[in-house]
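Engineer: Sharing a model prediction with you, sequence too.
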Amino acid sequence: MNISDTARKKLLGFQRNEITEYHIYSKLSSGISDKNNRKVLEDIASDELRHYNQWKEYTHQEIKPDSFKVFFYVSISKLFGLTFGVKLMERGEQNAKASYSQLAEEIPQATEIAKEEEEHENSLLQLLDEEYLQYTGSMILGLNDALVELTGALAGFTFALQDTRIVALTGSITGFAAALSMASSEYLSTKAESTTKSPVKASFYTGTAYILTVIFLIAPYLLVNNLFIALGCTLSLAILIIAVFNFYTSVANDIPFKTRFIEMAGISLGVSLLSFGVGFLLRYFFDIDV
């Protein structure tokens, strides 16, 4: 079949994408212990290879996979979980689906392949049910509480105590005590609920998220001598943590990023500003000089 140069150029891009995803899904399936999950990934890999060969019938050209993309998505999936890695990759297929529909007039088979790509996404949504995603709520609880409570506390301590080491020490004690309290509360809360979640695991995820956040937020006070630069670095880290975590959950759980990010960032910075003011007032009224 004769095709236009424009269509041929697009098809070569599709070929490269299909063979790349074939290698990604094949590598991911080889590392999955769950038989059902492995079978689904193998089936999708097989479909990607078939699509590649279908496009090759029009272009009559072999295309090599994008090695960097294969390495990147396989690594991301191993580091942050299969759900995040695959859904991040599937997001990139939205543009490809739109391009398939544009080719439909010249190549009717493009419509069929676009439909199969949609089925891939549906299959993945049914497949990707990793255990730790059940505990996202617990992680959000620990992360959110740590960001709000500790950024506020550190802002207040900064003006009240006027010493980076003392602020770091006080913040560490406050943070780790709060982490244990939050983990205990999450354990009791989960145990009281009618849920399949493990109370021990829920408390572990909450406590771990809290403690890791504490470590990141206190670090500037141990590395920087200037109080207000340290506070600025802590608030910047808080915003970065909020952005990274919300991006992760938006991809893994298919939820909006912007609204949740603005909400969490606004609450955290708002509490910090109020706490800073309280620290100033308490230092002034109690006439404390540390």
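Structural biologist: Right, received. Where do you want to start?

Engineer: what about the nearest residue to Y52 once chain neighbours are set aside, distance to L12?
Structural biologist: Once flanking residues are discounted, Y52 sits nearest to E18: 4.0 Å by C-beta to C-beta, 6 or more residues apart in numbering. C-beta: built from backbone N, CA, C; applies to glycine. As judged by C-beta to C-beta, to the nearest Å, E18 and L12 stand 11 Å apart.

Engineer: Look at the two and report which has more neighbours.
Structural biologist: Taking other C-beta atoms under 10 Å, E18 and L12 do not tie; E18 has more neighbours (24 against 16).

Engineer: Local confidence estimate at the more buried one?
Structural biologist: E18 is assigned 87 on the pLDDT scale.

Engineer: Next, it: phi, psi?
Structural biologist: Phi and psi for E18, reported as degrees, to the nearest 10, are phi -70, psi -40.

Engineer: in terms of contact, does it touch K56 like I think?
Structural biologist: No - in this structure, E18 is not within contact of K56 by C-beta atoms under 8 Å, at 9.4 Å.

Engineer: can you give me the strands in the chain?
Structural biologist: Taking DSSP state E, the chain contains no strands at all.

Engineer: can you list the weak-confidence ranges in it?
Structural biologist: Scanning the chain for pLDDT under 70 picks out 1-2, 92-102, 104-105, 120-135, 137, 194-195, 253, 272, 275-290.

Engineer: Using the record's domain definitions, break it down for me.
Structural biologist: Domain ranges of the chain: 5-129, 132-286, per automatic domain parsing.

Engineer: Name the surrounding residues that touch stretch 255-269.
Structural biologist: 144, 147-148, 151-152, 235, 238-239, 242-243, 246-247, 249-250 (C-beta atoms under 8 Å, 6 or more residues apart in numbering).

Engineer: Check the residues you listed against I32 and report the nearest one.
Structural biologist: The shortest gap between I32 and any of those belongs to T249, at 22.5 Å (C-beta to C-beta).

Engineer: any idea how far the closest one lies from V86?
Structural biologist: For T249, the distance to V86 (C-beta to C-beta) stands at 15 Å.

Engineer: what does A146 give?
Structural biologist: From A146 across to V86, the span is 29 Å (C-beta to C-beta).

Engineer: now swap in E48 and tell me
Structural biologist: Separation of E48 from V86 (C-beta to C-beta): 13 Å.

Engineer: more neighbours, those two?
Structural biologist: V86 (26 against 22).

Engineer: That one contacts S77, doesn't it?
Structural biologist: Yes - the pair V86 / S77 is scored as a contact, 6.5 Å apart, by C-beta under 8 Å.

Engineer: so where do the helices sit in this protein?
Structural biologist: Using DSSP state H, the helices found in the chain span residues 5-30, 35-59, 67-80, 82-91, 93-103, 109-127, 136-161, 164-192, 199-223, 227-252, 258-286.

Engineer: Would you mark the buried spots in the first one?
Structural biologist: Right, the one you point to is helix 5-30. Across helix 5-30, burial judged by 16 or more other C-beta atoms under 10 Å covers 7-8, 10-12, 14-29.

Engineer: by contact count, what packs against that helix?
Structural biologist: Applying 3 or more C-beta pairs under 8 Å, 6 or more residues apart in numbering; DSSP states H and E, we find helix 5-30 packed against helix 35-59, helix 67-80, helix 82-91, helix 93-103.

Engineer: let's see 7 Å
Structural biologist: Helices and strands touching helix 5-30, by 3 or more C-beta pairs under 7 Å, 6 or more residues apart in numbering; DSSP states H and E, are helix 35-59, helix 67-80, helix 93-103.

Engineer: same check, this time on the fourth one
Structural biologist: In terms of contact count using 3+ C-beta pairs under 7 Å, 6+ apart, helix 82-91 is assigned the packing partners helix 67-80, helix 109-127, helix 227-252.

Engineer: and the longest one, which residues are buried?
Structural biologist: For helix 227-252, the neighbour count (16+ other C-beta under 10 Å) marks 227, 230-231, 233-235, 237-239, 241-242, 245-246, 248-252 as buried.

Engineer: cool, the first one as well?
Structural biologist: In terms of neighbour count (16+ other C-beta under 10 Å), helix 67-80 has its buried residues at 69-70, 73-74, 76-77.

Engineer: List of residues touching it?
Structural biologist: Helix 67-80 has contacts (C-beta atoms under 7 Å, 6 or more residues apart in numbering) with 20, 23-24, 27-28, 84-86, 88-89, 248.

Engineer: Export the residues you listed as JSON lines, with columns for distance to A160.
Structural biologist: As requested, those are exported to JSON lines (distance: C-beta to C-beta, whole Å):
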{"residue": "T20", "distance to A160": "56"}
{"residue": "H23", "distance to A160": "57"}
{"residue": "I24", "distance to A160": "53"}
{"residue": "K27", "distance to A160": "54"}
{"residue": "L28", "distance to A160": "51"}
{"residue": "F84", "distance to A160": "40"}
{"residue": "G85", "distance to A160": "45"}
{"residue": "V86", "distance to A160": "48"}
{"residue": "L88", "distance to A160": "43"}
{"residue": "M89", "distance to A160": "48"}
{"residue": "Y248", "distance to A160": "34"}
